[in-house]
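Peer 1: With the input below, show me the fold.
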Amino acid sequence: MERSDRRLWLCLLVFAGAVRVGWLAADCASLRRDPDTYRQLAQHLLAEGTFGYPASGDGGSPPRLQPTAYRPPLYPWMLAAWGWVDGVGLASIAVLHAVAGVATVLLVYRLSQAWQLGGWGFGAAVLTACDPILLNQSSRVMTETVAALLAVLGLWGLTRLASALTVSRALLAGGLVALAALCRPTFLVWGAAVAGASLLTLRSPFRRRLWLAGSFVLAGGVVLAPWAVRNALVFQQLIVTTTHGGYTLWLGNNEEYYGFLDRAGWGDAWDSQRLDEQYLRFRREFPDDERRADRWAYEQGVAAIRRHPASFVKACVVRVGSLWGLVPHQIAASESAGQRWARYAVGAWYAVVLALAVVGVGFLGRKLLVQPWLAGLLLCLSFTLMHTVYWSNLRMRAPLMPVVCLAAAAGASAIASRMRRSRTAVRGQAGD
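Peer 2: Residues are numbered from 1 along each chain as shown. Below is the predicted model of the structure:
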């Protein structure tokens, strides 16, 4: 590595570290909350070695831990492994998120060089470091920060596979994508899409492509197997993902939400409190069978879709808009002027970044249909497809933002190149 390259990496490391650590320091109070109970799961893992939630004991006996598959396991496992010193406290989570965030930025720059963005790759890394969604979620005890890192690691593995079609690299890529699926199950759809695309796009004889795709799938299966086997032993059913999917489908497909969409104004946010309470009541009726609650919620969502097909189509359009929207929804009933302008600033940021990404997509053209850009395209399409049907909001595109930033850098490069050609043409005409 040349001295100039080392300086660039060091500058990027310092910048990303300053941005992420600065944000965590400014918003450290948010790390005290545990909205999705990931910290609770990690603490139970540390204390008793059980991935589960407390269940009421019989006859006044102490609460016991009821094993669960409601949440994906990787993030709580990481919290437990990283936070054993302080019992998964604020400090350990902040350090984990800072390290994951900085590593994501550095890996985006590494990808940018492999994806032939040259000096514009530095811009992609800077955009990733400053991305509002990734910044905001880095101070939340939620999966987005780790999911973004795992997405970039999966892209790195697939990029290496595209550069050298070896079984070892196919195994590595499959294992990395499966790790991402243990953090967020939607990555499984990406893995399936990548495996299928490998059979069609890799420049190799068909038998070789089949062997590589099989190796990719095999490695993914090996990584997912311990979680699936654990669930089979605990629940007497093979659960590769979670028991949360039914609720997520129902959350985005129910009569109350459909009615809200018919009367809501632009920017209005739906309050799911009554739906949540109904779901919790059903779960309390069968506290030892969360699979039943998952199936029940799934059935409710499917029934709502069948009864209201037109509303379902409208909701699908709204969900895509929510996933790829510009301005975050107003959450608090009373919003200060500062909060409102902060939301508008985020919208302005994304208007520029997404516009550059669209230009980049047009500039790349057919390059998007071959690796490594194809892997990024399939990642965005698989998440969009899933969240068209399941519940969606702005933060759920967090794992996609590194790809969007890379596409935006490609767009900026295309605009700069066209401007240079225009200036050259003007000078040439002036010279004539």
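
Peer 1: secondary structure class for residue 65?
Peer 2: The three-state label for residue 65, taken from DSSP: H, G, I helix; E, B strand; the rest coil, comes out as strand.

Peer 1: and residue 94, what is it in contact with?
Peer 2: Residue 94 sits next to 24, 28, 31, 139 when contact means C-beta atoms under 8 Å, 6 or more residues apart in numbering. Every residue, glycine included, has its C-beta placed from N, CA and C.

Peer 1: Let's see that with 7 Å instead.
Peer 2: Applying C-beta atoms under 7 Å, 6 or more residues apart in numbering, we find residue 94 in contact with 24, 28, 31.

Peer 1: Following element in sequence after the stretch of helix or strand it belongs to, please.
Peer 2: For residue 94, the element it lies in under DSSP states H and E is helix 90-114. The first helix or strand that comes after helix 90-114 along the chain, using DSSP H and E, is helix 120-130.

Peer 1: tell me which residues in that following helix are buried?
Peer 2: The neighbour-count criterion (16 or more other C-beta atoms under 10 Å) identifies 120-130 as the buried residues of helix 120-130.

Peer 1: For residue 109, which non-adjacent residue is closest in space?
Peer 2: residue 125 (3.9 Å; C-beta to C-beta, 6 or more residues apart in numbering).

Peer 1: sorry, back to before: next, the angle helix 120-130 makes with the helix holding residue 94.
Peer 2: 160 degrees (axes from the mean of the first three to the mean of the last three C-alpha atoms, to 10 degrees).

Peer 1: tell me the pLDDT at the residue nearest to residue 109?
Peer 2: Note for residue 125: predicted pLDDT of 97.

Peer 1: from memory it sits against residue 12, does it?
Peer 2: Yes. Between residue 125 and residue 12 there is a contact under C-beta atoms under 7 Å: 5.6 Å.

Peer 1: So which residues of the stretch 301-432 of the chain form helices?
Peer 2: Assigned by DSSP state H, counting those that start in this stretch, the stretch 301-432 of the chain shows helices spanning 309-323, 337-364, 373-389, 401-431.

Peer 1: just those: most buried one?
Peer 2: helix 373-389 (a mean of 21; mean count of other C-beta atoms under 10 Å).

Peer 1: helices and strands around that helix, which ones?
Peer 2: helix 144-163, helix 187-201, helix 309-323, helix 401-431 (3 or more C-beta pairs under 7 Å, 6 or more residues apart in numbering; DSSP states H and E).

Peer 1: do that again at 10 Å, thanks
Peer 2: The helices and strands touching helix 373-389, judged by 3 or more C-beta pairs under 10 Å, 6 or more residues apart in numbering; DSSP states H and E, are helix 144-163, helix 167-183, helix 187-201, helix 245-252, helix 309-323, helix 337-364, helix 401-431.

Peer 1: if we can go back for a sec, which residues touch the residue nearest to residue 109?
Peer 2: 8-9, 12, 15-16, 104-112, 117, 402, 405-406, 409 (C-beta atoms under 10 Å, 6 or more residues apart in numbering).

Peer 1: at 7 Å instead, please
Peer 2: Per C-beta under 7 Å, 6+ apart, neighbours of residue 125: 12, 105, 108-109, 112.

Peer 1: try residue 241
Peer 2: 185, 188.

Peer 1: Can I take it that it is in a strand?
Peer 2: No. With three-state DSSP as the criterion, residue 241 is located in coil rather than a strand.

Peer 1: if I look at it, how far off is residue 34?
Peer 2: 22 Å (C-beta to C-beta, to the nearest Å).

Peer 1: Equivalent analysis for residue 161, please.
Peer 2: In terms of C-beta to C-beta, residue 161 sits 37 Å off from residue 34.

Peer 1: And for residue 243?
Peer 2: Plainly put, residue 243 is 19 Å away from residue 34 if you go by C-beta to C-beta.

Peer 1: Looking at the two, which one has more neighbours?
Peer 2: residue 243 (22 against 17; other C-beta atoms under 10 Å).

Peer 1: Which strand or helix spans the residue lying closest to the more buried one once chain neighbours are set aside?
Peer 2: Counting by C-beta to C-beta, 6+ apart, residue 243 lies nearest to residue 294, which is 4.1 Å off, once chain neighbours are set aside. Taking DSSP H and E as the definition, residue 294 sits inside helix 290-307.

Peer 1: Tell me how far that helix lies from the chain's centre.
Peer 2: 24 Å (C-alpha atoms, centre = their mean, to the nearest Å).

Peer 1: For residue 413, give me its contacts.
Peer 2: 117, 120.

Peer 1: Give me the nearest residue to residue 401, chain neighbours excluded.
Peer 2: Residue 401's closest residue in space is residue 131 (C-beta to C-beta, 6+ apart), at 5.0 Å.

Peer 1: No more questions from me, cheers.
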